[in-house]
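In: my questions concern the predicted model and sequence given below.
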Amino acid sequence: MRSLLALLVLTLAARAGVTVVDPAGGPGAALLQAAIAAAPPGEILLLEPGDYTGASIAVSGKMLSLVGDGDPSTIVLRQLHLDLPAATSAAFLVRGLSILDSGPLGPAALDVESPGPPSALNALWVEDCIVHGTKIPGGSGSEHGIQIDGVWYTVLVRTEARGGDGWDANPGTKNANAGGHGLLVFSSICAIDECQLTGGKGGDGDSFESTDGGADWAPLNEGVAADFLPNPDAPYGHDPHCVILHPQQPDRLYQQNHCGSYRLDRPARRWVRIGEHMPKHIGDIGFPIVAHPRDADTVWVFPMDGSTVWPRTSIDGKPAVYRSRNAGRTWQRLATGLPRAQAWFTVLRQAMCADSAARLGLYFGTTQGEVWASSDEGGSWRCIVRHLPEIYSVTHAD
């Protein structure tokens, strides 16, 4: 690796031509795009401080160096798309720039593509840059910070890359979605040194209700805490992890939220926080919630560590299911057969279910790739599958 890095440095240093790009206080995007079009392969474009955000910038079919001549925060581009040639032994250098938005030229603020190995023998060097993705207008998704596809070798040095935040599921937008990746790499060897890579925050969802077959929708979030919002009573921006409606009593709803466990009995519109009756040292933070198919008052949850750092693991490494037989007024710990200590997993929002047998069975899958089953409504547990990948969903078939 050291010999390859040295080769890249020599390749970059061997370039001779320098073109200075100076917006002089005016819009710089058109000026920079024209300089790129006129530059021969191997040219160094020295960008003076200024605003280059008027349009996305594209480089196609040649290797250049884009170098900021000042603090990266003063040299700002909207989006940079690089379509690198395959048959070359040179490196494309991006140094000392801020790329703080996405655009129409790809799914990332810095979007780089190449035919990929073995046809591509090229390299990309990104150093001392700030690269942030953003949300796609209209609520349909979010951009990545840096996406690299098919480049033979990539080097990132002292670079901050952050994905765009996901959209919240508010009226006028589509469903809530995940944030973008800070760095997303396909078919490229990647060396990273002193970088900060951060994914964007996932979009917050909400509970909505329609009483006319889906033609109109209204928020259904009264009474639900939102500790992460400036206004904890905001009608939108909540984060329901799992919302269920009882099959035999459809006016009874349960919700496991980012901020607690809840019950709603329609036509009331205000959720009741049934998790407040959980043991205080356990709390009511978790992902799944499951109701008994024939008893609307019986419900199960799988709490996880919801302390300040949110490790998303079993509390103290001691997993347990909790059951209520009176609609959340009291709770019982159910851990017989489960690991007694050092079991640092959790159960995701769709990874727990009940069957409909006369002797009710419960099942959950863990983030450590195990499936656990109970044939006595949670009274005792046994592991029935091991060594799977992280489990996202568990269901049953009659």
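Out: Sure, I can see it. These figures come from a predicted structure and were not determined experimentally.
In: helices or strands up against the longest strand along the chain?
Out: When the chain is parsed with DSSP state E, its longest strand is strand 295-303. For strand 295-303, the elements it packs on are strand 252-257, strand 286-292, strand 321-324, strand 352-354, judged by 3 or more Cβ pairs under 8 Å, 6 or more residues apart in numbering; DSSP states H and E. Glycine gets a C-beta too; all of them are placed from N, C-alpha and C.
In: save the ones you listed as JSON lines, and put in mean pLDDT and mean neighbour count too.
Out: What follows is the helices and strands packed on strand 295-303, written out as JSON lines (pLDDT from 0 to 100; neighbours: other Cβ atoms under 10 Å):
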{"stretch": "strand 252-257", "mean pLDDT": "96", "mean neighbour count": "24"}
{"stretch": "strand 286-292", "mean pLDDT": "96", "mean neighbour count": "23"}
{"stretch": "strand 321-324", "mean pLDDT": "98", "mean neighbour count": "22"}
{"stretch": "strand 352-354", "mean pLDDT": "96", "mean neighbour count": "22"}
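In: make JSON lines out of those and add distance to residue 163.
Out: Supplementary listing: the helices and strands packed on strand 295-303 in JSON lines, determined by distance: least, Cβ to Cβ, whole Å:
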{"stretch": "strand 252-257", "distance to residue 163": "24"}
{"stretch": "strand 286-292", "distance to residue 163": "22"}
{"stretch": "strand 321-324", "distance to residue 163": "34"}
{"stretch": "strand 352-354", "distance to residue 163": "29"}
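In: how about the longest strand of the chain as PDB, C-alpha atoms only?
Out: In PDB, the C-alpha atoms belonging to strand 295-303 read as follows (Å, rounded to 0.1, in the frame of the first residue of the first chain):
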ATOM      1  CA  ASP A 295     -57.000 -11.200  23.700                       C
ATOM      2  CA  ALA A 296     -56.800  -7.500  23.100                       C
ATOM      3  CA  ASP A 297     -55.500  -6.900  26.700                       C
ATOM      4  CA  THR A 298     -52.400  -9.100  26.300                       C
ATOM      5  CA  VAL A 299     -49.300  -7.600  24.700                       C
ATOM      6  CA  TRP A 300     -45.600  -8.300  24.600                       C
ATOM      7  CA  VAL A 301     -42.600  -6.000  24.200                       C
ATOM      8  CA  PHE A 302     -38.800  -6.500  24.100                       C
ATOM      9  CA  PRO A 303     -37.100  -3.600  25.900                       C
END
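In: that one: which residues count as buried?
Out: Residues of strand 295-303 classed as buried by neighbour count (16 or more other Cβ atoms under 10 Å): 296, 297, 298, 299, 300, 301, 302, 303.
In: try stretch 182-200
Out: Buried positions in stretch 182-200, judged by neighbour count with 16+ other Cβ under 10 Å: 182, 183, 184, 185, 188, 195, 197, 199, 200.
In: show me where this protein has its helices.
Out: 2-13, 29-38 (DSSP state H).
In: sheet-wise, list the partners of the longest strand of the chain with their directions.
Out: Note on strand 295-303: by DSSP bridges, its sheet partners are strand 286-292 (antiparallel), strand 321-324 (antiparallel).
In: before we move on, back to that, mean pLDDT lowest for which of the helices of the chain?
Out: Averaged per stretch, pLDDT over those is lowest on helix 2-13, reaching a mean of 42.
In: so what are the domain limits for the protein?
Out: What the record gives for the chain is the domain set 2-198, 208-385, from automatic domain parsing.
In: deepest-packed of the ones you listed, please.
Out: Ranked by mean neighbour count under mean count of other Cβ atoms under 10 Å, the domains of the chain are led by domain 2-198, which reaches a mean of 19.
In: to residue 231, which of the helices and strands packed on strand 295-303 lies closest?
Out: Closest approach to residue 231 among the helices and strands packed on strand 295-303 (Cβ to Cβ): strand 252-257, 16.4 Å.
In: pLDDT weak spots in the stretch 201-350 of the chain?
Out: By pLDDT under 70, the weakly predicted segments of the stretch 201-350 of the chain are 201-206.
In: please redo it, this time with the cut-off set to 90
Out: 201-219, 226-240, 250, 306-312 (pLDDT under 90).
In: cool, and the stretch 51-200 of the chain?
Out: 54, 78, 85-91, 100-108, 114-123, 133-145, 149-154, 161-200.
In: now residue 295. Nearest residue, chain neighbours left out?
Out: Spatial nearest neighbour of residue 295, chain neighbours left out: residue 325 (7.7 Å); criterion: Cβ to Cβ, 6 or more residues apart in numbering.
In: show me what contacts that neighbour?
Out: Shown here is residue 325, whose contacts under the criterion Cβ atoms under 8 Å, 6 or more residues apart in numbering are 295, 297, 298, 332.
In: tell me the bridge partners for the last one.
Out: In this entry, residue 332 is beta-bridged to residue 323, by DSSP bridges.
In: so it sits against residue 323, correct?
Out: Yes: counting by Cβ atoms under 8 Å, a contact exists between residue 332 and residue 323, whose distance comes to 5.2 Å.
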